[in-house]
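Asks: Okay, structure incoming, though there's no sequence with it:
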């Protein structure tokens with residue numbers, strides 16, 4: 001059996017990762033695994049041994065320890081009958097990258113990194129709008145957002161640069177309207 005195919009989807013908070021991943025799932029048949037959603041789901045389990053730790057990291061805009069995130073991603077991949085995955089919001093820092101490489105990396109075929117590049121102002125505006133609409137996310141507030149953006153710039157951008165050096169980054173300008181962003185993404189996926 002061939003290795004599962006993986007596309008990492010990275011971008012700042014509010015760059016449109018969830019929206020565009022939904023489109024890719026519908027059109028191209030990938031399974032969407034959001035690191036953030038997996039962490040939030042684990043946090044909400046009453047019997048979770050990681051719940052409080054995850055909650056603290058989410059509220060502070062910091063990154064959950066890689067062992068937890070990798071285990072949740074690996075479990076979700078194994079529970080799926082699929083062979084093509086979008087992993088959204090991961091790897092977010094060098095520690096995530098090392099953790100992925102040592103636990104899962106050689107078991108999958110990394111196709112590329114989809115980088116949704118978006119200005120800080122647009123990201124904040126989108127997340128604040130999402131929070132005002134009742135997203136239920138504890139981190140859709142200005143204080144958490146500012147921390148998340150700093151974390152993204154300091155920790156995630158070096159990962160994107162690392163993948164750029166390996167010629168694995170496909171960049172999409174994500175500050176445009178969702179339909180235009182989607183048109184650009186279709187071009188990247190249609191020959192996979």
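Replies: Yes, it's here. Predicted model, so just to flag it, every value in this text is computed and none were measured.

Asks: Now do the same contact list for the most centrally placed residue in the chain.
Replies: Among the residues of the chain, the one closest to the centroid is residue 89, at 1.5 Å (C-alpha atoms, centre = their mean). Shown in contact with residue 89 (C-beta atoms under 8 Å, 6 or more residues apart in numbering): 9-10, 17, 34-36. All C-beta spots, glycine's among them, are computed from the backbone N, C-alpha and C.

Asks: Tell me the confidence at the spatially closest residue to residue 25 that is not a sequence neighbour?
Replies: Leaving aside its sequence neighbours, residue 25 sits nearest to residue 32 (C-beta to C-beta, 6 or more residues apart in numbering; 5.0 Å). With respect to pLDDT, residue 32 scores 96.

Asks: Out of the contacts of residue 89, which is nearest to residue 176?
Replies: Lowest distance from residue 176 to those (C-beta to C-beta) belongs to residue 17, with 14.8 Å.

Asks: returning to what we had before: elements contacting whichever strand or helix holds the residue nearest to residue 25?
Replies: Here residue 32, judged by DSSP states H and E, is contained in strand 31-34. Here strand 31-34 touches helix 17-28, helix 66-79, strand 84-88, going by 3 or more C-beta pairs under 8 Å, 6 or more residues apart in numbering; DSSP states H and E.

Asks: so how far is the biggest strand by length in the chain off the chain centroid?
Replies: Longest strand of the chain, by residue count under DSSP state E: strand 109-117. Distance, stretch centre to chain centre, for strand 109-117: 10 Å (C-alpha atoms, centre = their mean, to the nearest Å).

Asks: who does that strand touch, helix- and strand-wise?
Replies: Helices and strands touching strand 109-117, by 3+ C-beta pairs under 8 Å, 6+ apart, are strand 5-11, helix 17-28, helix 157-165, strand 169-173, helix 178-189.

Asks: residues of the last one that come out buried?
Replies: If you call a residue buried by 16 or more other C-beta atoms under 10 Å, then helix 178-189 has these buried ones: 181-182, 184-185, 188-189.

Asks: Would you reformat the residues you listed as CSV and include pLDDT and distance to residue 157?
Replies: What follows is the buried residues of helix 178-189, written out as CSV (pLDDT from 0 to 100; distance: C-beta to C-beta, whole Å):
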residue, pLDDT, distance to residue 157
181, 97, 20
182, 98, 24
184, 97, 20
185, 97, 20
188, 96, 20
189, 96, 24
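
Asks: Just the closest of those to residue 22, please.
Replies: Set against residue 22, the nearest of the buried residues of helix 178-189 by C-beta to C-beta is residue 182 (10.0 Å).

Asks: Now that closest one: closest residue in space, sequence neighbours ignored.
Replies: residue 23 (5.2 Å).
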